[in-house]
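Asks: Sequence and computational prediction follow.
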Amino acid sequence: MKLRSVLLAATLVAGGMSVVSAAEAKAPPCKTIVDPAGDSEYGNPLDIVSADIASNKKTVTAVFRLAEINKTNSSAPTGQGFYFDFNAGGETPIFLSYTVTPTTESYNFGYVDGNLHRSIGDATGSVDVAKKEIHISAPVGAFTDSGVTYGYPKVGSKITGVVLTTYWVVGAYASTPVTTGSTGGGSLQPADDAAGKTYVAGSPSCVVPGK
């Protein structure tokens, strides 16, 4: 039986055909978070349809897929926020975010403090209109502020408590807007949300970390 298998493989290679193992043929997981379409409170640009999180030794990346990509939204005229919250070994969630208003556009990372998203620094990211995707990335070891580490999604660790939320940004935008009920400055009014399963950092994904 072994001889026959060897001969078969040799024949396929000689004939210009490559032998692909089942592991090689299996596509990496994609759209690991799925949300029903049409359930956004403030229009299609804030309607989550699917998402992913991916990481390697250096970078963690979150991807929002939406019913529509539009930086202007008549249902949320003062701005839109996209927040990807998760736990990575710390006592509080950390986040990756993208916010766009008529006058600002920013990618951030930070930690959640009660009803506040507190920015630690600038993330990197991109908006793909054709694919209806938003990509947000930050260094794995960046979630530290004033000597306190709020999360460290190193390879092999578990990322839990994944929650995505889109928001209508109401009022003047600030880098640490109040989630709801603000009496001054900007506030975030929830439009849509979705939750994900535990992800083991460094696991295969259709998302390339940092892209």
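Replies: That came through fine.
Asks: Any idea how many residues pack against the closest residue to residue 120 other than its chain neighbours?
Replies: Nearest residue to residue 120 in three dimensions, chain neighbours excluded: residue 110, at 4.4 Å (C-beta to C-beta, 6 or more residues apart in numbering). From N, CA and C alone the C-beta is placed, and that goes for glycine too. Residues lying near residue 110 (other C-beta atoms under 10 Å) number 25.
Asks: where does residue 110 land in three-state SS?
Replies: strand (DSSP: H, G, I helix; E, B strand; the rest coil).
Asks: give me the beta-bridge partners of it?
Replies: residue 95, residue 119 (DSSP bridges).
Asks: Now do the contacts for it.
Replies: 94-95, 97, 117-121, 143, 145, 150, 176 (C-beta atoms under 8 Å, 6 or more residues apart in numbering).
Asks: roughly how far apart are it and residue 116?
Replies: From residue 110 across to residue 116, the span is 9 Å (C-beta to C-beta, to the nearest Å).
Asks: give me phi/psi at residue 44?
Replies: phi -60, psi -30 (degrees, to the nearest 10).
Asks: looking at it, it is touching residue 76, isn't it?
Replies: No - between residue 44 and residue 76 there is no contact under C-beta atoms under 8 Å: 10.8 Å.
Asks: The longest strand along the chain: what's the following helix or strand?
Replies: Using DSSP state E to define each element, the chain has its longest strand at strand 158-170. Next in sequence after strand 158-170, counting helices and strands by DSSP states H and E, comes strand 187-195.
Asks: any idea of the mean pLDDT for the following helix or strand past that next one?
Replies: The first helix or strand that comes after strand 187-195 along the chain, using DSSP H and E, is strand 199-200. Strand 199-200 carries an average pLDDT of 94.
Asks: Let me know the helix or strand that the residue nearest the centre of the chain is in.
Replies: Using C-alpha atoms, centre = their mean, the residue of the chain that lies closest to the mean C-alpha position is residue 62, 1.9 Å off. Taking DSSP H and E as the definition, residue 62 sits inside strand 59-66.
Asks: Could you list the paired strands of that strand along with their orientation?
Replies: Counting by DSSP bridges, strand 59-66 is paired with strand 48-55 (antiparallel), strand 133-139 (antiparallel).
Asks: Could I get the contacts of residue 110 in JSON lines, plus columns for pLDDT, distance to residue 187 and neighbour count?
Replies: Shown next, in JSON lines, are those (pLDDT from 0 to 100; distance: C-beta to C-beta, whole Å; neighbours: other C-beta atoms under 10 Å):
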{"residue": "94", "pLDDT": "96", "distance to residue 187": "21", "neighbour count": "29"}
{"residue": "95", "pLDDT": "96", "distance to residue 187": "17", "neighbour count": "28"}
{"residue": "97", "pLDDT": "96", "distance to residue 187": "15", "neighbour count": "26"}
{"residue": "117", "pLDDT": "90", "distance to residue 187": "11", "neighbour count": "26"}
{"residue": "118", "pLDDT": "91", "distance to residue 187": "15", "neighbour count": "17"}
{"residue": "119", "pLDDT": "92", "distance to residue 187": "16", "neighbour count": "20"}
{"residue": "120", "pLDDT": "93", "distance to residue 187": "21", "neighbour count": "19"}
{"residue": "121", "pLDDT": "93", "distance to residue 187": "22", "neighbour count": "15"}
{"residue": "143", "pLDDT": "96", "distance to residue 187": "24", "neighbour count": "25"}
{"residue": "145", "pLDDT": "91", "distance to residue 187": "23", "neighbour count": "14"}
{"residue": "150", "pLDDT": "95", "distance to residue 187": "23", "neighbour count": "23"}
{"residue": "176", "pLDDT": "52", "distance to residue 187": "11", "neighbour count": "13"}
